[in-house]
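> My questions concern the predicted model and sequence given below.
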Amino acid sequence: MSLPKRVVLVGPMGAGKTTIGRLLAKELGYRFMDTDRIIEERCGANIPWIFDVEGEDGFRQRETAMLEELSSEAETVLATGGGAVMRPENRPLLRKDSIIVYLRTSIEQQVERTRKDRNRPLLQSEDPEAVLRTLFALRDPIYTELADIIMYTDRKSPRLVVRQLANRINPKTPRHKRQRRKEGREHAQGASRAQG
Ligand SMILES: Nc1ncnc2c1ncn2[C@@H]1O[C@H](COP(=O)(O)OP(=O)(O)O)[C@@H](O)[C@H]1O
Ligand SMILES: O=C(O)C1=C[C@@H](OP(=O)(O)O)[C@@H](O)[C@H](O)C1
Ligand SMILES: [Mg+2]
């Protein structure tokens with residue numbers, strides 16, 4: 001079995017999409033992209049600012065445009081934001097040439113992992129746990145429906161999640177061969193950068 005063109009990570013806030021995505025890209029020798037980070041770079045402002053000034057609708061428009069742009073990027077691991085699955089028009093953009101991984105995580109872990117971070121406007125409420133519960137009820141069926149792989153992340157270190165994922169995505173390739181292929185890709189990327 002060969003590697004998919006893209007690996008797309010979906011799941012709720014605090015599932016670890018950004019963290020796992022970065023590590024998984026390294027493991028596969030793919031580029032890592034995160035829709036939220038690219039939106040922030042393009043906009044020159046952080047997500048709370050975008051929500052404040054443009055509203056959630058403005059953010060969702062930027063998110064759809066980003067998913068469209070990134071849907072043709074080969075050899076990438078794409079971390080999405082937790083709400084990226086909600087617009088029906090986003091779903092074919094997520095599915096295009098990809099394996100979709102749902103990082104499934106309990107509400108308790110989501111609460112714990114997002115507790116100190118002020119960068120998620122939807123959770124700046126009196127009761128973030130209640131928000132996470134409501135969002136989970138709405139979104140979990142959609143994550144599940146879209147997913148090719150469902151990976152539980154509770155009480156697993158990011159390294160363990162990545163190792164298990166790499167095995168599920170490419171089970172027939174032993175680790176030393178993945179490593180060789182990854183080095184080959186890095187070499188090719190270095191050569192193409194050097195050429196200009
Ligand atoms: N498997 C894990 N075990 C422990 N902590 C994790 C795990 N995955 C992510 N985290 C931590 O949880 C927080 C949120 O992770 P993040 O990758 O930003 O999630 P997401 O992008 O899905 O919202 C970060 O501080 C990260 O270090
Ligand atoms: O669940 C959501 O609607 C959101 C999740 C965030 O990304 P993470 O899931 O990476 O935290 C970010 O896109 C924005 O704050 C909205
Ligand atoms: Mg993230």
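Ah, there it is. Ligands and ions are numbered 1, 2, ... in the order given.
> Kindly report the residues of the protein close to ligand 2.
13, 17, 18, 36, 47, 81, 82, 83, 120, 121, 122 (CB under 6 Å from any ligand atom). Glycine gets a C-beta too; all of them are placed from N, C-alpha and C.
> same thing but at 5 Å, please
With CB under 5 Å from any ligand atom as the criterion, the chain comes near ligand 2 at residues 13, 36, 47, 81, 82, 83, 120.
> any idea how far ligand 1 is from the residue in the chain that ligand 2 sits nearest to?
As assessed by CB to the nearest ligand atom, ligand 2 sits closest to residue 81 within the chain, at 2.2 Å. As for residue 81, its distance to ligand 1 is 8 Å (criterion: CB to the nearest ligand atom, to the nearest Å).
> That residue reaches residue 37, doesn't it?
No: with contact defined as CB atoms under 8 Å, residue 81 does not reach residue 37; the gap is 10.0 Å.
> When these two are compared, which one has more neighbours?
Between residue 81 and residue 37, residue 81 has the larger neighbour count (other CB atoms under 10 Å), namely 23 against 13.
> Return the residues in contact with the closest residue in space to that one that isn't next to it in sequence.
Counting by CB to CB, 6 or more residues apart in numbering, residue 81 lies nearest to residue 36, which is 5.0 Å off, once chain neighbours are set aside. When contacts are counted by CB atoms under 8 Å, 6 or more residues apart in numbering, residue 36 touches 18, 47, 79, 81.
> redo that, cut-off 10 Å
Contacts for residue 36 (CB atoms under 10 Å, 6 or more residues apart in numbering) come out as 17-18, 46-47, 50, 59, 62-63, 66, 79-82, 84, 119-120.
> so it is in which element?
helix 35-43 (DSSP states H and E).
> how about that helix: buried residues?
By neighbour count with 16 or more other CB atoms under 10 Å, helix 35-43 contains the buried residues 35, 36, 39, 40, 43.
> Parallel or antiparallel, which strands does the strand ranked longest in the chain pair with?
With secondary structure taken from DSSP state E, the chain has its longest strand at strand 98-104. Strand 98-104 has its sheet partners listed here by DSSP bridges as strand 6-10 (parallel), strand 149-152 (parallel).
> Pick the most deeply packed of those.
strand 6-10 (a mean of 27; mean count of other CB atoms under 10 Å).
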